[in-house]
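Participant: Quick one: sequence and predicted model below, then my questions.
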Amino acid sequence: MNQLIRCRNCDQVFMKSPFDRYPEYASGSNHAPENFQSIKRDDFQDFLSHHHGHQLEQLRIIEDSYVSERTYSEPVKTSFFKATNGREKFVIKKFRERIDEPLKYQLIPGDYSIKCVGVEIQPEEISRQLDREVKPPLAQDKMDAFLGVMGAIAEDIDVNDLERIPAETHHPLVVYYKIDDGHVMHLLRNCRNIFNGQEYLAMEEFIHRHKDDGVLLLKATCKIELTEIARPGKKMIPAFIHLEKEKVVGQK
């Protein structure tokens, strides 16, 4: 349904979609229904006219390359994804600055990576889960001591050594990791200094139950690091070049 088109002469990109020809509606100053006017649009044909005689090609979006700086539901944000023409790879910046303006696409020569900037535990989630599962409830000082040990593990750990868990999240730059077996043993050893008897056994079961996909997962916050590459001077591209039909659907 959608096609990403690149002008090789200008390095401008356009996302061709079924919405390109949707009309735009404008109203008079009093916004009365009878004053609404339908304004015809054909954004793709406008793009073709602007790049008449240029060499166009279709880019293929690389699967699972989408990243965004804000939550998925936020309409005003900057996102990035990768695309290729089969020979080169490009970063495509997708953005808009106001909710009432159309999405813009910008081609950026280079690459990006996701860098972890902080790791933390889930203290509120851990506390609520402990209150639900461990009876009688833990004393507050013991709860705080357990969270302290978990926090110290998070500060000491290197997420590059951990297994990433495909947990659902509303934010694309939040990632969850499973604590490795070595740090689980460290946590259990420290729990022996906090709990004893049946209370320790309950905590041991709690840890094994939630270490793989529950509240004991570590929450990592990441950021997008964009690396732009200086491209050599562009070669002159002939103004008239035959375009293969499959390259650009809609080219006249």
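Facilitator: Right, received. Where do you want to start?

Participant: Who are the contact partners of residue 216?
Facilitator: 121, 122, 126, 150, 179, 207, 210 (Cβ atoms under 8 Å, 6 or more residues apart in numbering). To be clear about C-beta, it is placed using only N, CA and C from the backbone, and glycine gets the same treatment.

Participant: Could you do residue 178 as well?
Facilitator: Here residue 178 is in contact with 162, 163, 164, 165, 211, 212, 213, 217, 218 (criterion: Cβ under 8 Å, 6+ apart).

Participant: Give me the subset of those lying in strands.
Facilitator: Using DSSP state E to define strands, the subset of these located there is 163, 164, 165, 218.

Participant: For the residue lying closest to the first one once chain neighbours are set aside, give its distance to residue 193.
Facilitator: Distance criterion Cβ to Cβ, 6 or more residues apart in numbering; nearest residue to residue 163, sequence neighbours excluded, is residue 178 at 4.7 Å. To residue 193, residue 178 is 24 Å away according to Cβ to Cβ, to the nearest Å.

Participant: Repeat that for residue 184.
Facilitator: Using Cβ to Cβ, residue 184 is found at 16 Å from residue 193.

Participant: ok, these two, which is more surrounded?
Facilitator: Between residue 184 and residue 193, counting by other Cβ atoms under 10 Å, residue 184 is the more crowded of the two (17 against 10).

Participant: Which helix runs longest in this structure?
Facilitator: The helix that spans the most residues within the chain, counting by DSSP state H, is helix 140-156.

Participant: buried set for that helix?
Facilitator: Within helix 140-156, the residues that qualify as buried by neighbour count (16 or more other Cβ atoms under 10 Å) are 142, 143, 145, 146, 147, 149, 150, 153, 154.

Participant: Dump it to PDB, restricted to CA.
Facilitator: As requested, C-alpha coordinates have been extracted for helix 140-156 and formatted as PDB (Å, rounded to 0.1, in the frame of the first residue of the first chain):
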ATOM      1  CA  GLN A 140       8.800  -2.400  55.800                       C
ATOM      2  CA  ASP A 141      12.500  -2.500  56.800                       C
ATOM      3  CA  LYS A 142      12.900  -5.900  55.200                       C
ATOM      4  CA  MET A 143      11.100  -4.800  52.100                       C
ATOM      5  CA  ASP A 144      13.400  -1.800  51.900                       C
ATOM      6  CA  ALA A 145      16.400  -4.000  52.400                       C
ATOM      7  CA  PHE A 146      15.400  -6.300  49.600                       C
ATOM      8  CA  LEU A 147      14.800  -3.400  47.200                       C
ATOM      9  CA  GLY A 148      18.200  -2.000  48.300                       C
ATOM     10  CA  VAL A 149      19.900  -5.300  47.200                       C
ATOM     11  CA  MET A 150      18.100  -5.300  43.900                       C
ATOM     12  CA  GLY A 151      19.100  -1.700  43.300                       C
ATOM     13  CA  ALA A 152      22.700  -2.500  44.000                       C
ATOM     14  CA  ILE A 153      22.600  -5.300  41.500                       C
ATOM     15  CA  ALA A 154      21.100  -3.000  38.800                       C
ATOM     16  CA  GLU A 155      23.900  -0.500  39.400                       C
ATOM     17  CA  ASP A 156      26.600  -3.100  39.100                       C
END
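
Participant: Which secondary structure elements does it sit against?
Facilitator: For helix 140-156, the helices and strands in contact under the criterion 3 or more Cβ pairs under 8 Å, 6 or more residues apart in numbering; DSSP states H and E are strand 110-120, helix 123-133, helix 181-191.

Participant: Could I get the average pLDDT for that helix?
Facilitator: The average pLDDT within helix 140-156 is 96.

Participant: No more questions from me, cheers.
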